[in-house]
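Undergrad: have a look at this prediction, sequence included:
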Amino acid sequence: MPNTPVPTTKSPSVTLRFMAAPTDVIVAGAHGVSGGRVLEWIDKAAYACAVQWSSTYCVTAYVGHIHFTRPIPSGHMVEVRSRIAMTGRSSMHIVNEVLSADPREGVFTRACDCLVIFVAKDPATGKSTPVPEFTPTTDEEKRVEEAAKSRIELRKAIEEEMLHQTYDGESEAPRVIHRFLAKPTDVNWGGKVHGGTAMEWIDEAGLACSMEWSGERTVAVYAGGIRFYTPISIGDLIEVDARMTRTDARSMHISVHVRSGDPRGGRENLKNAIHATFTYIGISVDGDPIGARQFIPATAEDKRLAQHALTLKELRAEYAPLPLTPLQAAKQITD
């Protein structure tokens, strides 16, 4: 008898589990893994989920707002849960939740969650390609889909606000610029730099900028509006430009641009690859939040970008998207 293909059902979810290693803590004396490393974990799990669903190469297009609610210590067991929330023609909106536990106790608690959007690509042409439609069937899947939909307008508003800003005027803002070449170990099987790797670069520059300004150890407490414009290839010259835009009583807001291109073309010909905003706070030796050294904008551009940071904060409050996780949903009901 001829072999009859056995129908398979694509799984809409992936769970990665591993140990947080000492090398995941990039600042000596820090109480946990860096925000950039957590974002790298999220991107890897979401990428696996997207490829599993679409059966083709995928690229990160957008990462929604992430609140880092607690540190993940080295030696903790980490679990990253990724699942499809909704699909478009070629896009997949993926909900990601990061939990960790002391392996001696095995009790997992949530550290952060976020929404990541991947786009499926045809490996031969590099153009977007259709993905199977995801149809929620359970009440929980329908709730998660509605939560993902509630973030669409917020994402559009944030993207529009960020696109209106320029960063080439006179500035006295604290600033750190890292430059280096993209290495073969930075890329995925599609030959482009992992989105998670790039987000770790962003956090490293933002961390350096906030620590240099404050004179204190700092940690990322928020990341959002991370928009990917153009892919980064092996050998590209990378420029990660972190600039402080605003300080509040405790927080320091950093805008980060990643530019890339052929180093033979010179720095002036680098193209915008990624734009992101991060928020940091200073912490004491005991890990408690401390007040931020205040940055007072003086130039016209610095004043405009300070207002831009405030506008982004107000947009997040105005749109108030639905919670992605059951824990958040329960908390919203009881609050």
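TA: Right, received. Where do you want to start?
Undergrad: for the rest of this, base every contact and every neighbour count on C-alpha atoms.
TA: Fine.
Undergrad: and the helices in this structure?
TA: Using DSSP state H, the helices found in the chain span residues 35-54, 139-149, 152-163, 195-214, 300-319, 326-334.
Undergrad: need those in JSON lines (columns: mean pLDDT, distance to Gly75 and mean neighbour count).
TA: Below are those laid out as JSON lines (pLDDT from 0 to 100; distance: least, Cα to Cα, whole Å; neighbours: other Cα atoms under 10 Å):
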{"stretch": "helix 35-54", "mean pLDDT": "96", "distance to Gly75": "14", "mean neighbour count": "24"}
{"stretch": "helix 139-149", "mean pLDDT": "93", "distance to Gly75": "31", "mean neighbour count": "18"}
{"stretch": "helix 152-163", "mean pLDDT": "89", "distance to Gly75": "35", "mean neighbour count": "16"}
{"stretch": "helix 195-214", "mean pLDDT": "96", "distance to Gly75": "20", "mean neighbour count": "23"}
{"stretch": "helix 300-319", "mean pLDDT": "92", "distance to Gly75": "34", "mean neighbour count": "16"}
{"stretch": "helix 326-334", "mean pLDDT": "51", "distance to Gly75": "25", "mean neighbour count": "11"}
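Undergrad: so where's the stretch 151-300 of the chain uncertain?
TA: Counting by pLDDT under 70, not a single residue of the stretch 151-300 of the chain qualifies.
Undergrad: among the helices of the chain, which is nearest Ala292?
TA: helix 195-214 (6.7 Å; Cα to Cα).
Undergrad: how about the closest one as CSV, C-alpha atoms only?
TA: What follows is helix 195-214, C-alpha atoms only, in CSV (Å, rounded to 0.1, in the frame of the first residue of the first chain):
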residue,chain,number,x,y,z
GLY,A,195,16.3,40.5,17.1
GLY,A,196,17.1,39.3,20.7
THR,A,197,20.8,39.9,20.2
ALA,A,198,20.1,43.4,18.9
MET,A,199,17.8,44.1,21.9
GLU,A,200,20.7,43.0,24.2
TRP,A,201,23.0,45.5,22.5
ILE,A,202,20.3,48.2,23.1
ASP,A,203,20.1,47.4,26.8
GLU,A,204,23.8,47.5,27.2
ALA,A,205,24.1,51.0,25.7
GLY,A,206,21.1,52.2,27.7
LEU,A,207,22.5,50.7,30.8
ALA,A,208,25.9,52.4,30.2
CYS,A,209,24.2,55.7,29.6
SER,A,210,22.1,55.6,32.7
MET,A,211,24.9,54.4,35.0
GLU,A,212,27.4,57.0,33.6
TRP,A,213,24.8,59.8,34.3
SER,A,214,23.6,58.6,37.7
